[in-house]
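> One predicted model, sequence on top.
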Amino acid sequence: MTHDFKIQLQENIPFSTEEIKRIEAELKGFRKMISVILAFATVLVMGFIAFLMRDSQTQFKYYDYLLFVAGGFALFGFCYLIAQLVVWYDAANWKKDKVIGKNKLVSIVVGRDETEYGKYLTFAGITGADKIRLRVKPEYYSHYPIGTKLSVTYLKFSKEVLYIQADG
């Protein structure tokens with residue numbers, strides 16, 4: 001079935017201005033939501049801890065409450081730092097992708113897997129031992145089984161699919 005199929009890879013295809021604007025808007029939307037999500041999660045965790053300690057609060061002094069609030073700020077700061085490192089990593093990958101351009105691969109799906117971070121399709125690479133694992137949207141993941149011939153446009157450094165279309 002696949003022995004007469006030729007895998008093709010086109011590299012360094014420049015982005016259109018619409019694609020650049022769309023991808024940058026997605027990145028900015030994610031960055032704006034991080035602090036809100038982390039603040040909500042911190043308040044939720046602190047509320048849960050306060051709920052568990054509700055019987056022993058009569059013994060607390062004012063400095064205990066100040067330490068509790070300081071602990072909440074420390075938790076928020078630590079989580080915000082971790083999230084910021086992830087954002088910086090994604091931004092660095094996007095800068096490299098923006099300079100290099102996108103890649104287009106005509107290949108066969110050789111693997112599928114899910115993690116808590118996303119759904120991935122693995123494609124056959126140019127050589128027999130090469131495999132390219134890319135994060136895809138859930139609708140792409142459920143639509144294409146192993147063995148499907150696809151044309152995939154993706155970001156090289158971010159390892160994320162932009163477009164997929166079936167290759168007859």
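Cool, got the structure. Numbers count the residues shown, from 1 in each chain.
> so where is the protein shaky, pLDDT-wise?
For the chain, the stretches flagged by pLDDT under 70 are 1-4, 56-58, 168.
> now the helices for it?
17-52, 62-100, 138-143 (DSSP state H).
> Compute the inter-axis angle for the longest one and helix 17-52.
Comparing the axes of helix 62-100 and helix 17-52 via axes from the mean of the first three to the mean of the last three Cα atoms, to 10 degrees yields an angle of 160 degrees.
> buried ones in helix 62-100?
Neighbour counts over helix 62-100 (16 or more other Cβ atoms under 10 Å) mark Gly72, Leu75, Phe76, Cys79, Ala83, Asp90, Asn93, Trp94, Asp97, Lys98, Ile100 as buried. Every C-beta, even on glycine, is put in place using the N, C-alpha and C of the backbone.
> okay if I get the residues you listed as CSV plus distance to Arg54?
As requested, those are exported to CSV (distance: Cβ to Cβ, whole Å):
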residue, distance to Arg54
Gly72, 16
Leu75, 19
Phe76, 22
Cys79, 24
Ala83, 30
Asp90, 40
Asn93, 45
Trp94, 46
Asp97, 50
Lys98, 52
Ile100, 56
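> Could you single out the nearest of the residues you listed to Lys32?
Ala83 (12.0 Å; Cβ to Cβ).
> Hmm, Val36 and the closest one touching each other?
No - the criterion here is Cβ atoms under 8 Å, and Ala83 misses it with Val36 at 11.3 Å.
> Please parse this structure into its domains.
The chain is divided into the following domains under automatic domain parsing: 8-15+100-166, 17-99.
> what's the span of the longest one from first residue to last?
Distance between the two ends of domain 17-99: 13 Å, counting by Cα to Cα, to the nearest Å.
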